[in-house]
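Trainee: let me see the structure of the following:
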Amino acid sequence: MARRVRRNRGAAFKAKVALEAVRGEKPLNELAQQFDLHANQIKQ
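Mentor: Residues are numbered from 1 along each chain as shown. Below is the predicted model:
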């Protein structure tokens, strides 16, 4: 099994995800799929 490379996300990406989460227009699971993240990472 190949090991997945750890991704470093920039401040602009984190801000974009945070704003989408605060707006509350989409559930966390949809945002997680859209941004290729785990829902717990968005919640934190």
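Trainee: hey, let's count contacts and neighbours off CA atoms from now on
Mentor: Fine.
Trainee: quick check: next helix or strand after the biggest helix by length in the chain?
Mentor: Counting residues, the longest helix in the chain under DSSP state H turns out to be helix 11-23. Beyond helix 11-23 on the C-terminal side, the first helix or strand identified by DSSP states H and E is helix 28-35.
Trainee: contact partners of that following helix?
Mentor: Val17, Glu20, Ala21, His38, Ala39, Ile42, Lys43 (Cα atoms under 8 Å, 6 or more residues apart in numbering).
Trainee: returning to what we had before: now the longest helix of the chain: mean pLDDT?
Mentor: Along helix 11-23, the predicted confidence averages to a pLDDT of 94.
Trainee: quick one: buried residues of it?
Mentor: Val17, Ala21 (16 or more other Cα atoms under 10 Å).
Trainee: Cys4 in helix, strand or coil?
Mentor: Cys isn't right for residue 4; it's Arg. Assigned with DSSP: H, G, I helix; E, B strand; the rest coil, Arg4 falls in the coil class.
Trainee: tell me how far it lies from Ile42.
Mentor: Distance of Arg4 to Ile42, computed by Cα to Cα, to the nearest Å: 20 Å.
Trainee: give me the more crowded residue out of the two.
Mentor: Ile42 (17 against 6; other Cα atoms under 10 Å).
Trainee: secondary structure element holding that one?
Mentor: Secondary structure assignment for Ile42, by DSSP H and E: helix 39-43.
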